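3D, please:
(4 chains)
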2 protein chains.
Amino acid sequence: MADHKVKAELFDQFARIGQALSSGRRIEILDVLANGERSVEGVAEQVGLSLANASRHLQLLREAGLVSSRREGTFIRYRLAAPEVYEFWTALRSLANKRLAEVERLVEAYIGSLDGLEAVTREELYGRLSSGDDLFVIDVRPGEEFAAGHLPSAVSIPLEELKKRLDQVPKDREVVAYCRGPYCAFAPEAVAHLRAQGYRARQLEDGLPEWAAAGLPVEAGGGVRTGRGGRPKRPAAKVPADQSRPPNNP
Amino acid sequence: MADHKVKAELFDQFARIGQALSSGRRIEILDVLANGERSVEGVAEQVGLSLANASRHLQLLREAGLVSSRREGTFIRYRLAAPEVYEFWTALRSLANKRLAEVERLVEAYIGSLDGLEAVTREELYGRLSSGDDLFVIDVRPGEEFAAGHLPSAVSIPLEELKKRLDQVPKDREVVAYCRGPYCAFAPEAVAHLRAQGYRARQLEDGLPEWAAAGLPVEAGGGVRTGRGGRPKRPAAKVPADQSRPPNNP
DNA sequence: TCGCTTCTCAAATTATCGCTTGAGTAGTGG
DNA sequence: CCACTACTCAAGCGATAATTTGAGAAGCGA
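Coordinates of the predicted model:
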């Protein structure tokens, strides 16, 4: 008879994934990393954690095989370990949406009511862009994420800078804003602000990761800041060994 | 600017699902429940937990919206709250399989090497059953799970009873055994034993939940024991209110 | 009603987790 | 070599979690 202890160990392995996802902060990290590689400090800043704490969370995610990292100079850049990880995160949030009534209430509290702000579907936007429609597409995520990948014709105006850079948004064209996904407040806020200023603005359904996962075209590169300064990214950085090492138990 | 605290709360909700799956014991419980309703004691017995402990784990799963329960006399029967929960569990194990090298090693240690025991695919089995092939299909799960649902032509011979009931297995027909899924050792053990006794035996790929999820036909009913005794199940039990109540925070 | 079964709850123990603080390490540039 | 940046590690604290034990509660059946 097969050992009861071995069975327990096997299911404990499955639980490692669950354990990695048992902290809201770690899920936030995954959501950020779905938008592109980030340094530890970048993650810490986006999620609102101390550096040491973010470092620890990232290590836990790496031990669960969900993210991997590589060194680039003094930076260590983390990213999702595989596309399946992103798919799993979408499966998790979809399940939570269906099974936890609380999610709906909080989404409304965080994102705001989406009534009247009907989103542009990916298909519609892709079709209109392909047919040469005169749309102005804004990527309102932090510049680093824009650089890691963005819609083909998009312009990067991080939400933080939107108010200062309103003059760069044409008033006579229809504006479409997008951000990190369905649980990101950047695009809804941008749209609300633009509308209040008299622009014709809507948001794209979901965000860039979903666009990319749907197989639609994504461009990379474009003005970026690497640290907290503003210096442009070196065009080609050396790419040292991957530190993702297949995680095994001690 | 949308509140940072609200965002944290939202992601903490997603983490509730992860938290529910952060214990190997709870995942084992889900795997058992995927094979049909179970009383608390039934779950405790299958997973190897004390009654009070199993009760607690089931409550946690219910608070995460993954299982629901109903009272039936003095029993309280738990089940998966929705088909999506089962699908999520398959997604979890698939991800763990891809990302955690440890899983492969443990599966081999627990299930045994499957080399040379090529499984019958669902399609092949369904086709052969439909065309009237003379197969003998054995359900080697506990009788309670057989009663909750089984392959149309299957015979229930729980693994525990297989040795005593070998005379009920025809030696001149091809035998196909199945159990709970890819991480259940019942069918592989049954096949190994049958082969050692000279039977032509193979196992079905995966188990009953996967068969059902593939949309293939499932029959319910058939000799069952409800408690630990052996008395037959009453043909129709009253079905009181569902205790699954959409879970919200306190 | 009483006794029985099945399950839940409360309390207590032990283990684990999340986070902070402060020291330590790895790579970069002068 | 030194100073600096980016990150990791170790210690420690308070908060949660897992499990056991023993005491209830809820629904039979007689």
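
quick one, phi/psi of the residue nearest the centre of chain A?
Nearest to the geometric centre of chain A sits A:N35, at 3.4 Å (Cα atoms, centre = their mean). Per-residue torsions, A:N35: phi -100, psi 10 (degrees, to the nearest 10).

so what does the worst-scoring helix or strand of chain A on mean pLDDT touch, helix or strand wise?
Ranking every helix and strand in chain A by mean pLDDT, DSSP states H and E puts helix A:101-111 at the bottom, with a mean of 91. With contacts taken as 3 or more Cβ pairs under 8 Å, 6 or more residues apart in numbering or on different chains; DSSP states H and E, helix A:101-111 sits against helix A:83-99, helix B:4-20. C-beta: built from backbone N, CA, C; applies to glycine.

Provide the contact partners of stretch A:145-154 at residue level.
A:35-37, A:125, A:129, A:135, A:137-139, A:156, A:158, A:178, A:180, A:208, A:211-212, A:217-224, A:233 (Cβ atoms under 8 Å, 6 or more residues apart in numbering or on different chains).

ok, now stretch A:207-219?
A:34-35, A:83, A:86-87, A:90, A:122, A:126, A:139, A:141, A:145, A:149-152, A:178-182, A:184, A:187, A:204.

Show me what from chain A comes close to DNA strand D.
A:39-42, A:51-52, A:55-56, A:58-59, A:69, A:74-77, A:227 (Cβ under 7 Å from any atom of the strand).

Just the buried residues of those residues.
A:S39, A:V40, A:G42, A:S55, A:L58, A:S69, A:F75, A:I76, A:R77 (16 or more other Cβ atoms under 10 Å in any protein chain shown).

Give me the subset of the residues of chain A next to DNA strand D lying in helices.
The helices, defined by DSSP state H, take in A:V40, A:E41, A:G42, A:L51, A:A52, A:S55, A:R56, A:L58, A:Q59 from the residues of chain A next to DNA strand D.

leaving aside the residues next to it on the chain, what's closest to the first one?
Counting by Cβ to Cβ, 6 or more residues apart in numbering or on different chains, A:V40 lies nearest to A:S55, which is 5.3 Å off, once chain neighbours are set aside.

one step back: among the contacts of stretch A:207-219, the buried ones, what's the ChimeraX command?
The buried residues among these can be selected in ChimeraX (16+ other Cβ under 10 Å) with this line:
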select /A:34,35,86,90,122,126,139,141,145,149,150,151,178,179,180,181,182,184,187,204
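
which stretches of chain A have low pLDDT?
A:1-2, A:114-117, A:223-250 (pLDDT under 70).

ranges for the strands of it?
Counting by DSSP state E, chain A has strands at residues A:38-39, A:67-72, A:75-80, A:135-139, A:155-156, A:174-179, A:201-207.

how many degrees apart are the last one and strand A:174-179 in direction?
Taking axes from the mean of the first three to the mean of the last three Cα atoms, to 10 degrees, one finds strand A:201-207 and strand A:174-179 inclined to each other by 30 degrees.

Can you give the contact residues for stretch A:7-21?
Contacts of stretch A:7-21 (Cβ under 8 Å, 6+ apart): A:26-27, A:30, A:60-61, A:63-66, A:88, A:92, B:14-15, B:17-28, B:31, B:48, B:92-93, B:95-96, B:99-100, B:102-103, B:106-107, B:110, B:183, B:185.
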